[in-house]
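A.B. asks: Dropping the sequence and predicted coords here.
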Amino acid sequence: MQWRVWLALSAAAGLANVASAAERFCENDIALIDTHFEAGAFHRCDVRDDNFVITIRPEDSKVQVPMPWYAFRATPKRPGDAVILLGFVGAEADRFWPKVSRDGVTWDRVPDRAVAVSSDNKRLALRIALTEAPVLIASQQIVTTSYYDAASRTLADRPDVAVRLLGRSIHGRPIVAAATGAKPQAVLLLGRQHPPEVTGALTMQAFVTVLLDDSELASRFREAFQIIAVPLLNPDGVAAGHWRHNAGKTDLNRDWGPFTQPETRAVRTLLAGLEARGVALRLMLDFHATQLTATHLFYTQRPQDGDGSAHAFAAGWLDRVRERLPDLRFDHRPSKSESANAKNYFFDRYGIPSITYETGDETDPDWIETAAPVFAEAMMRELLDP
């Protein structure tokens with residue numbers, strides 16, 4: 001087949017240099033492909049021998065972590081199969097398995113039989129069956145800023161939750177926090193610092209839903225702790241389909257301490273307000289995604305860090321989860337680095353358990369809905385009754 005022949009060619013460099021200017025659409029007699037929607041992104045699209053040839057590359061030269069986000073729409077001109085050839089610059093082709101949606105809501109993995117990856121893992125080919133309706137193809141399920149806007153409106157309707165503007169991104173998009181009633185102690189949850197980490201975003205949504213439900217446990221928890229959630233810290237990167245950075249060419253999870261970007265400064269202002277009111281921050285969870293095969297991965301403090309209580313909390317929390325879900329695969333990795341990430345900043349500044357909570361890239365969303373509530377309930381119990 002012609003697309004498999006293309007994969008065998010050693011032409012990755014030539015593909016990357018097709019043109020210096022990005023194009024947001026291309027077409028042949030089967031379909032038109034475009035990125036004219038929020039989170040839509042690729043570097044360039046061309047047509048060669050009736051096949052679509054798309055180059056995927058990072059948003060800027062400073063990107064160091066290969067997280068090759070792509071999202072585009074194929075609008076049929078007639079029924080048939082569209083062959084789409086993707087070439088990756090600065091990343092491996094199988095970092096994400098391609099997903100497809102015909103309604104923008106339900107997403108499925110493209111079947112294995114319709115995907116081929118080159119031997120050097122720099123090129124990927126897929127065959128998409130087109131009927132009459134447009135099809136979305138992306139590296140991950142598309143979760144845009146409108147998703148967060150809708151969630152904020154739902155939370156704002158609750159009498160026990162306040163939704164407020166913390167600040168604005170470089171491009172003026174809102175950085176929003178949702179908080180329950182004021183208490184002497186608080187728990188902070190952060191999300192979507194890195195745009196492609198969609199499974200982390202879905203985990204945070206499921207986690208927060210449990211914290212805000214009407215169960216006896218959640219009600220008791222909210223009596224003792226204020227819950228503060230900042231679910232979308234990098235709205236510019238999400239909207240533009242970035243691999244890693246905000247609009248300021250900065251990895252926000254390397255800006256905790258320097259605070260060079262308005263998004264992290266907005267959270268710093270929030271923290272200053274808590275300190276001024278005498279509120280004690282007790283826990284910070286930062287939701288991400290991971291390429292590793294474990295469904296969940298937790299980076300925490302080590303036993304020797306501080307007085308050991310931060311590690312003890314994490315160990316107790318995760319032991320509670322193991323008791324309820326003994327077959328669940330997840331990793332606990334106590335660690336220390338010099339990175340200016342949220343985990344290090346919040347522990348160094350406040351001495352609290354400060355945890356990076358990562359969900360596997362290919363974790364089934366249905367499984368997230370099953371597992372995340374168990375982690376949320378175990379966290380509440382460990383803080384309430386250590």
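C.D. replies: Okay, I see it.

A.B. asks: residue ranges of the helices in the stretch 201-350 of the chain, please?
C.D. replies: 216-224, 235-240, 262-276, 309-324, 342-350 (DSSP state H, counting those that start in this stretch).

A.B. asks: what about those, which gets the closest to Ala177?
C.D. replies: With distances scored as C-beta to C-beta, the stretch of the helices of the stretch 201-350 of the chain nearest to Ala177 is helix 262-276 (6.3 Å). Just so you know, the C-beta spots here come from the backbone N, C-alpha and C atoms, and that holds for glycine as well.

A.B. asks: re earlier: need the winner for burial among the helices of the stretch 201-350 of the chain.
C.D. replies: Compared across these, helix 235-240 shows the largest average neighbour count, a mean of 24 (mean count of other C-beta atoms under 10 Å).

A.B. asks: Who are the packing partners of it?
C.D. replies: helix 145-156 (3 or more C-beta pairs under 8 Å, 6 or more residues apart in numbering; DSSP states H and E).

A.B. asks: For the helix it packs on, what is the distance to the chain centroid?
C.D. replies: 17 Å (C-alpha atoms, centre = their mean, to the nearest Å).

A.B. asks: Point out the other helices and strands that the helix or strand just after it packs with.
C.D. replies: Sequence order places strand 161-168 as the next helix or strand after helix 145-156, per DSSP states H and E. In terms of contacts (3+ C-beta pairs under 8 Å, 6+ apart), strand 161-168 is packed against helix 145-156, strand 174-180, helix 262-276.

A.B. asks: where in the stretch 251-386 of the chain is pLDDT low?
C.D. replies: 293-294 (pLDDT under 70).

A.B. asks: 90 instead, please
C.D. replies: Where the stretch 251-386 of the chain drops to pLDDT under 90, the residues are 292-296, 327-330, 386.

A.B. asks: Nearest to Asp327, out of the helices and strands packed on strand 161-168?
C.D. replies: When the helices and strands packed on strand 161-168 are compared by C-beta to C-beta, helix 145-156 sits nearest Asp327, at 30.8 Å.

A.B. asks: list the buried ones in the closest one?
C.D. replies: For helix 145-156, burial by neighbour count (16 or more other C-beta atoms under 10 Å) applies to Thr145, Tyr147, Tyr148, Ala151, Ser152, Leu155.
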